[in-house]
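Chemist: Compute the structure for the input listed below.
(chains A and B)
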Amino acid sequence: DAKTTQPPSMDCAEGRAANLPCNHSTISGNEYVYWYRQIHSQGPQYIIHGLKNNETNEMASLIITEDRKSSTLILPHATLRDTAVYYCIVPLNTGTASKLTFGTGTRLQVTL
Amino acid sequence: EPEVTQTPSHQVTQMGQEVILRCVPISNHLYFYWYRQILGQKVEFLVSFYNNEISEKSEIFDDQFSVERPDGSNFTLKIRSTKLEDSAMYFCASKFEGPTDTQYFGPGTRLTVL
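Modeler: Next up, the predicted model:
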């Protein structure tokens, strides 16, 4: 998998936007960027993914730089329930099984 | 919304015993996965399964581990002779098809080996 680098932790005030960065400078042209989060010890929860265009869904927005070497996950109005570890993952497209390799992620703490 | 389910939520077993962890993937999904997370550590890939055979397995997935899709809905992970170090959260995941399809995870089974 393309290596990703994320800050170990971030804080965000409730109601403000949380912007979580990820560097993936070795990404290949056909590799997607995926974001998952894990709340406490629950199963990883899919958030969003993208290739080169910016993406938005009901949970978040994903901004990918033009050179695709970095991306930012945006939670527009963070709530206490968004406190979690957020993982940026670029799966290696070797066949269709495409396992996910989790790093240590960014621990987001949303505070009052 | 369809979701991956796992049973049991918590399994306690004695060292050396066999355990079977069960998963029901999302119904039209074709690829199935097991991951594990030892307390305080990263989520680690164990195995992927497609078309009734293993697609890929990690170094962790040794001869003590096996997977099976015994019927059209269940996907199981068996640990033949559990060790203390097998204590972890085990997560099942599934995806529809294609390299860019999304994997969806179940809530996990906490395995405690005494």
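Chemist: Isn't residue B:52 up against residue B:69?
Modeler: Yes - using CB atoms under 8 Å, residue B:52 is in contact with residue B:69, at 6.2 Å. C-beta coordinates here come from the backbone N, C-alpha and C atoms, glycine included.
Chemist: which one of these two has more residues nearby?
Modeler: Using other CB atoms under 10 Å in any protein chain shown as the criterion, residue B:52 and residue B:69 rank with residue B:69 on top: 17 against 7.
Chemist: what about residue A:48, distance to chain B?
Modeler: Going from residue A:48 to chain B by CB to the nearest CB, to the nearest Å gives 9 Å.
Chemist: measure that residue to residue B:46 for me?
Modeler: 25 Å (CB to CB, to the nearest Å).
Chemist: Settle this for me: residue B:84 is touching residue B:113, isn't it.
Modeler: Yes - Residue B:84 is in contact with residue B:113 according to CB under 8 Å; the separation is 5.3 Å.
Chemist: overlap in contacts of the two?
Modeler: Common contact partners of residue B:84 and residue B:113 (CB atoms under 8 Å, 6 or more residues apart in numbering or on different chains): residue B:15.
Chemist: The two: who's more crowded?
Modeler: Using other CB under 10 Å, the more surrounded residue of residue B:84 and residue B:113 is residue B:113, with 19 against 9.
Chemist: pLDDT score for the more buried one?
Modeler: The per-residue pLDDT reported for residue B:113 equals 98.
Chemist: Low-confidence bits of chain A, can you list those?
Modeler: A:1-2, A:93-97 (pLDDT under 70).
Chemist: rerun at 90
Modeler: Along chain A, segments meeting pLDDT under 90 span A:1-3, A:28-31, A:41, A:53, A:91-99.
Chemist: which bits of it sit near chain B?
Modeler: Contacts of chain A with chain B, taken as CB under 8 Å from any CB of the partner chain, map to A:32, A:34, A:36, A:38, A:41-46, A:49, A:51, A:87, A:91, A:93, A:95-104.
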